[in-house]
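Novice: Mind folding the following:
(one chain, ligands or ions: 2)
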Amino acid sequence: MADSAQVPTLVYLVTGGCGFLGEHIVRMLLEREPRLRELRVFDLHLSSWLEELKTEGAGPVQVTAIQGDVTQAHEVAAAMAGSHVVIHTAGLVDVFGKASPKTIHKVNVQGTRNVIDACVQTGTRFLVYTSSMEVVGPNTKGHPFYRGNEDTPYEAVHRHPYPCSKALAEQLVLEANGRKVNGGLPLVTCALRPTGIYGEGHQVMRDFYHQGLRFGGRLFRAVPASVEHGRVYVGNVAWMHVLVAQELEQRAALMGGQVYFCYDKSPYKSYEDFNMEFLNPCGIRLIGTHPLLPYWLLALLAALNALLQWLLRPLVLYTPLLNPYTLAVANTTFTVSTNKAQRHFGYKPLFSWEESRARTIHWVQTMEGSAR
Ligand SMILES: NC(=O)c1ccc[n+]([C@@H]2O[C@H](COP(=O)([O-])OP(=O)(O)OC[C@H]3O[C@@H](n4cnc5c(N)ncnc54)[C@H](O)[C@@H]3O)[C@@H](O)[C@H]2O)c1
Ligand SMILES: C[C@@H](CO)CCC[C@@H](C)[C@H]1CC[C@H]2[C@@H]3[C@H](O)C=C4C[C@@H](O)CC[C@]4(C)[C@H]3CC[C@]12C
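Specialist: Ligands and ions are numbered 1, 2, ... in the order given. Next comes the predicted model:
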């Protein structure tokens, strides 16, 4: 990257820039990357906030909205020509059976391959990939991963299309590190593995909130409080992406081809107890100190849901929250504790837990249809 302390020269491209995480990355780049000249936001579906940003909020930075599909190699290459850094966050996040395994693979794996090929073709040297904790686990055997780091041994066994696709895509990104791009310089890549992201715009939190409202302000405990699930605030995930992108050139030898868990100081709790940190102040209560239904019954219901999904598929898309995979993830301890990102590129969470919590509560409270 050119040294551009004063004059903004850099062109960034964010794939999936209109998604939950993508929007936070876009806004964070505008706030925290003074060298930015142009920000290209590439997404299958462009959001309306992007128009407002283009006219009001971007300051001197040129924001270019590009409607495109990562599965179309020519669209990716055209969008990327002349960019210095690509943050590839576009992905099909589906653990509920909304999309077919083939589609998930196409978007997450072929889409990533297209981004890498486009880097090579257009001479874009820096690639930051949003991977996922699910590349590691939880595995289908329910083995706990307790306060693990990037080097903790764990038997990663994937069967579900989503983690399978993220694992394959991450491997492609890491293997691409060092490939010569157009112009002869080496590509520098790295992958970030967020745990379960929460914060403003989180669809699953929205679903839980509305479900709680429908049940008269109550949700029913299904997962033991002792199962800990790693969570990270979206603003900190965005910040880590921005920081990596900024440091990748100077620290290419150290960071190139590396993976980093994406974490912050959010407390270790069960998935449901953690959600209550935000939903409770918004009038939702979690009923029960222990799961109201025994695990075997939940597993039976989850299996039944899977069967119904399969039977109904020709007629209607039945995609309940509870299925064998989501039950297994919610019931398996998976938490990270690592300082690799701090050691390698000085990452410290930008938002404290208190601030992350307050921002998320405010978002729930101002949500359409909220109790307040
Ligand atoms: N949400 C989480 O808890 C979580 C945790 C770890 C990692 N991730 C990863 O973070 C990334 C972003 O996830 P998110 O939660 O913001 O999901 P999201 O669905 O809100 O955002 C994904 C974005 O990608 C876009 N997209 C999908 N298919 C596309 C295509 N073919 N071409 C171009 N754009 C396409 C979507 O339109 C959307 O705007 C994903 O790669 C996901 O695997 C998410
Ligand atoms: C049994 C239910 C009773 O309340 C609880 C079901 C909760 C599940 C819907 C969610 C539990 C864990 C979530 C996943 C996790 O946070 C990490 C993820 C990684 C990311 O890459 C994509 C999203 C997700 C798979 C996330 C999805 C929702 C859960 C399975």
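Novice: The residue in the stretch 101-250 of the chain positioned nearest to ligand 2: what's its closest spatial neighbour, skipping adjacent residues?
Specialist: Closest approach between the stretch 101-250 of the chain and ligand 2, counting by C-beta to the nearest ligand atom: residue 196, at 2.4 Å. Yep, even glycine has a C-beta here, placed from its N, CA and C like the rest. By the measure of C-beta to C-beta, 6 or more residues apart in numbering, the closest residue to residue 196 outside its immediate chain neighbours is residue 231, 4.8 Å from it.
Novice: residues touching that neighbour, list them.
Specialist: Listed by C-beta atoms under 8 Å, 6 or more residues apart in numbering, the contact set of residue 231 reads 195-198, 266, 269, 274.
Novice: Likewise for residue 223?
Specialist: Contacts of residue 223 (C-beta under 8 Å, 6+ apart): 270-272, 291, 330-331.
Novice: Break down this structure into its helices, ranges please.
Specialist: Here the chain has its helices, by DSSP state H, at 20-32, 49-52, 73-80, 101-105, 111-122, 161-176, 203-214, 234-247, 252-255, 271-279, 295-312, 324-330, 340-345, 353-365.
Novice: what residues does the stretch 201-350 of the chain put near ligand 2?
Specialist: 204, 222-223, 229, 271-272, 321-322, 326-327, 329-330 (C-beta under 6 Å from any ligand atom).
Novice: and those residues, which two are the farthest apart?
Specialist: Farthest pair in those (C-beta to C-beta) is 229 and 322. Separation: 15.6 Å.
Novice: Name the residue in the two with the higher neighbour count.
Specialist: Neighbours around residue 229 and residue 322, counted as other C-beta atoms under 10 Å, are more numerous at residue 229. The numbers are 24 against 17.
Novice: and the more buried one, what is it in contact with?
Specialist: Neighbours of residue 229 in contact, by C-beta under 8 Å, 6+ apart: 195-196, 268-271, 274, 329-330, 333-335.
Novice: Give me the phi and psi for the closest residue in space to residue 41 that isn't next to it in sequence.
Specialist: Excluding its sequence neighbours, the residue lying closest to residue 41 (C-beta to C-beta, 6+ apart) is residue 17, at 3.6 Å. When read as degrees, to the nearest 10, the backbone of residue 17 gives phi -70, psi -10.
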